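> sharing a sequence plus its predicted fold:
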Amino acid sequence: MDRKLRNRIVIFLLLAGVFAYFLVWLSGRKPAAKISAVTPTRENLVSSISSNGKVEPITPYVMRAQLDTFVEKVLVREGQRVNKGQLLLQLNVKGAAAQLAETRAKLLRAQDDLRAAKAGGKADEAAKVAGDLAKAEAQRDQLQRIHDSLTRLAAGQAATKEDLAANELALVSANAEVTRLLAVKQEFDRQARLDAERGELQVQQTLSEMAALEDKVSDGKIAAPVDGTLYSLPVRAGDYVKLGDLLAEMADLHKVRVRAFIDEPDLGALEPDQPVMITWDALANRSWPGKTEIIPKQVVPHGTRSVGELLCSVVNDKLELLPNINVNVRINSRERMNVLAVPRGAVESEGGHRYVFVVRAGQLGVGKSTLEKREIRVGIADATSYEVMSGLQEGEMVALPGDTDLKDGMAVQVVNTNAA
């Protein structure tokens, strides 16, 4: 055999052995896992918070019974639009009306007594006291003149000492009577002043009683304080109501407020004037726009949840949202335009960090690659995607979870590729 030919045969056999060994080595390796992957794309993301809430009127007007009585008439129906001043209910106030009439008569008597007291007492009694005093003073003055005359006559022995003594005795008695009647007059005047003070107090008390009774009579007529919708009317004609019982509730329902119950982890994303969308299961094809107003300042228990109570103003032009109904609330808390986004399912969490598995092209054959576990920093999120702020570049491919647990360095074969 030719030496050259023999060398070629040896080289061929060696190459065949190496190739067979390589095939055996390949057959002993585990097959690459088949995965789906996505390429992150630029998107407009709106981060939203979804929860539930309750509709409330912004300025409710609550009418309550101001006395214990019966409902005499109900002039409206629940849900009716009413105008300011329109009579809604009539309560039975006949007893208060009768007391009011008696109190008005009592006031007239008290005012008459007050005028008399301010004038110095009752006219006939005042005239008698003044007349008695004037008569006694006139009699005393006459006896004094006689005494003076008798004194002169007695000095000339034209009058007897007995006449002078009798006159002096009568004069002493007259002075005593004047003193007594003067005291009576002073006491009468003092009593008149006291009567005037008591009369003024009596008039004031009677006026207060009359005002209270007038309020009771007035409270029997329940009228609308403003234009609006009567959304609660729990009483009927013939019902007995007590002081403080609810009679009616109304408000202008063109603008209402929604008290949204936001779970504690979502509270940090809330700010005033964020757009809000309200839906109600009873009108599934309708929605109502609004905005956030008062951000929660505390967390309170709500059933099994820990929530903050967010107040949102909502436009209710067609008056479809009713007070106290339960609604769905979606708050668009933040919006980012043209940001790099990856599906939420591709992002995993570990120890407070977020990471993805990046598909890197390998050297082992066509269609085979390896995974690189890489930490990323995320921004806002919507229902399907996360904003990627760092750690990932456009054009890189990210593995999606499937039947196989993804691991760093794992050999994979991408069988399905989609945009994020």
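Now that the structure is in, tell me what you want to look at. Numbers count the residues shown, from 1 in each chain.
> I'd like the next helix or strand past the least confident helix or strand in the chain by mean pLDDT.
The helix or strand of the chain with the lowest confidence, counting by mean pLDDT, DSSP states H and E, is helix 3-28 at a mean of 60. Note on helix 3-28: by DSSP states H and E, the next helix or strand toward the C-terminus is strand 33-39.
> check the offset of that following strand from the chain's centre.
Mean-position distance between strand 33-39 and its chain equals 54 Å (CA atoms, centre = their mean, to the nearest Å).
> what strands flank it, and is each parallel or antiparallel?
strand 397-400 (antiparallel), strand 411-419 (parallel) (DSSP bridges).
> quick check: buried residues in the next helix or strand after it?
Counting by DSSP H and E, the next helix or strand C-terminal to strand 33-39 is strand 41-57. Residues of strand 41-57 classed as buried under the neighbour-count rule (16 or more other CB atoms under 10 Å) are 43, 45-49, 51-55, 57. Where you see a C-beta, it was placed from the backbone N, CA and C, and this is true even at glycine.
> nearest to F12, out of those residues: which one, please.
E43 (58.7 Å; CB to CB).
> quick one: the closest one and E348, what's the gap?
Here the criterion is CB to CB, to the nearest Å. By it, E43 lies 20 Å from E348.
> one more: G379?
17 Å.
> please identify which of the two sits among more neighbours.
The neighbour comparison of G379 against E348 (other CB atoms under 10 Å) goes to G379, with 16 against 13.
> these two touch, right, that one and V342?
No. When contacts are counted by CB atoms under 8 Å, G379 is not listed as touching V342 (11.3 Å).
> overlap in contacts of these two?
Applying CB atoms under 8 Å, 6 or more residues apart in numbering, one finds that G379 and V342 are jointly contacted by 386, 388.
> nearest residue to the residue most central in space within the chain in space, ignoring adjacent ones along the chain?
Closest to where the C-alpha atoms of the chain average out (CA atoms, centre = their mean) is I58, at 7.9 Å. Nearest residue to I58 in three dimensions, chain neighbours excluded: R257, at 4.9 Å (CB to CB, 6 or more residues apart in numbering).
> the one you found reaches K54, doesn't it?
No. Taking contacts as CB under 8 Å, R257 lies outside contact range of K54: 9.5 Å.
> got the strands paired with strand 33-39 as CSV, with mean pLDDT columns?
Shown next, in CSV, are the strands paired with strand 33-39 (pLDDT from 0 to 100):
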stretch, mean pLDDT
strand 397-400, 92
strand 411-419, 77
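> most tightly surrounded among these?
strand 397-400 (a mean of 20; mean count of other CB atoms under 10 Å).
> and the lengthiest helix in the chain, what does it pack against?
Ranked by residue count under DSSP state H, the longest helix found in the chain is helix 161-219. Applying 3 or more CB pairs under 8 Å, 6 or more residues apart in numbering; DSSP states H and E, we find helix 161-219 packed against helix 94-118, helix 123-155.
> just want the angle from that helix to helix 94-118.
Between the axes of helix 161-219 and helix 94-118, defined by axes from the mean of the first three to the mean of the last three CA atoms, to 10 degrees, the angle is 150 degrees.
> angle of helix 161-219 against helix 123-155?
Orientation check (the same axes, to 10 degrees): helix 161-219 against helix 123-155 gives 170 degrees.
> now helix 161-219: how far from the chain's centre is it?
That offset, for helix 161-219, works out to 60 Å (CA atoms, centre = their mean).
> which residues sit against the helix or strand that it is followed by?
Beyond helix 161-219 on the C-terminal side, the first helix or strand identified by DSSP H and E is strand 221-223. The set of residues external to strand 221-223 that reach it, using CB under 8 Å, 6+ apart, is 63, 85-91, 247-248.
> as TSV, these with neighbour count, distance to G308 and pLDDT would be great.
Shown next, in TSV, are the contacts of strand 221-223 (neighbours: other CB atoms under 10 Å; distance: CB to CB, whole Å; pLDDT from 0 to 100):
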residue	neighbour count	distance to G308	pLDDT
M63	20	32	91
G85	10	40	93
Q86	14	39	94
L87	13	42	93
L88	20	37	93
L89	22	39	92
Q90	15	44	90
L91	24	42	85
L247	21	34	93
A248	22	32	94
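> what is the nearest of the residues you listed to V178?
For those, the nearest to V178 is L91 (65.1 Å; CB to CB).
> and the closest one, bridged to which residues?
V71.
> in stretch 178-194, what's buried?
Buried positions in stretch 178-194, judged by neighbour count with 16+ other CB under 10 Å: 178, 181, 185, 188, 192.
> so the second one is in contact with D132, correct?
Yes. Applying CB under 8 Å as the test, L181 and D132 come out as touching, 5.3 Å apart.
> beta partners for I49?
I331.
> what sits against it?
Counting by CB under 8 Å, 6+ apart, I49 makes contact with 262, 266, 269-270, 330-331, 333.
> okay, these in JSON lines with distance to L15 and secondary structure next?
Formatted as JSON lines, these follow (distance: CB to CB, whole Å; DSSP: H, G, I helix; E, B strand; the rest coil):
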{"residue": "I262", "distance to L15": "72", "secondary structure": "strand"}
{"residue": "D266", "distance to L15": "67", "secondary structure": "helix"}
{"residue": "A269", "distance to L15": "67", "secondary structure": "helix"}
{"residue": "L270", "distance to L15": "72", "secondary structure": "coil"}
{"residue": "R330", "distance to L15": "69", "secondary structure": "strand"}
{"residue": "I331", "distance to L15": "71", "secondary structure": "strand"}
{"residue": "S333", "distance to L15": "67", "secondary structure": "strand"}
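> ok, of the residues you listed, which come out buried?
262, 266, 270, 330-331, 333.
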